[in-house]
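>>> just a sequence and a predicted model for now, questions to come.
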Amino acid sequence: MIIEHAWLPVTPGREEEFATSIGAALSIIEAAPGCHGAEVHRQIENASVFLLLVRWISVEAHMDFRASPEFETWRSQTHPFYDSPATVTHFTDVLPR
């Protein structure tokens, strides 16, 4: 299991609109093969920054999603709100439980 960590800088003034849109779009990611859930958090210090965490079975599963038509739907619902490109990285457990 890996965690996709996506730092999402939203255009100031569009935060609430983005929150509504990404809330609706989460079901797109969660329906993808290899996805084991997703969550979105909003930064306290800067309310224009959001954090998307997605649990994937593998990096390959995430890349397969990114190559799918469903990703284009996801992109159309979320990316128009970004102030600058999202930063996406992947993490693995250091101490699996």
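Received it, and whenever you're ready, just let me know what you need.

>>> and the most centrally placed residue in the chain, what pLDDT?
Central residue of the chain (CA atoms, centre = their mean): L52, 4.0 Å from the mean position. Reading off the confidence values, L52 has pLDDT 98.

>>> so in terms of bridging, what pairs with the nearest residue to it once chain neighbours are set aside?
Distances taken as CB to CB, 6 or more residues apart in numbering place A6 nearest to L52, at 4.0 Å, with adjacent residues excluded. Bear in mind the C-beta positions are built from the backbone N, C-alpha and C, glycine included. Beta-bridge pairing for A6 (DSSP bridges): L52, V88.

>>> what's the neighbour count on A6?
Summarising burial for A6: neighbours were counted as other CB atoms under 10 Å, giving 16.

>>> correct me, but it touches P85?
No: using CB atoms under 8 Å, A6 is not in contact with P85, being 10.5 Å away.

>>> contacts only, for the residue nearest to the centre of the chain.
E4, H5, A6, L8, I22, A38, E39, V40 (CB atoms under 8 Å, 6 or more residues apart in numbering).

>>> go again using 7 Å as the cut-off
For L52, the contact set (CB atoms under 7 Å, 6 or more residues apart in numbering) comprises A6, L8, A38, V40.

>>> same thing with A61?
Contact analysis of A61 by CB under 7 Å, 6+ apart lists P33, G34.

>>> at 8 Å instead, please
Applying CB under 8 Å, 6+ apart, we find A61 in contact with A32, P33, G34, C35.

>>> tell me the spacing between the spatially closest residue to A32 that is not a sequence neighbour and G34.
Once flanking residues are discounted, A32 sits nearest to F65: 4.4 Å by CB to CB, 6+ apart. In this view, F65 and G34 are 7 Å apart by CB to CB, to the nearest Å.
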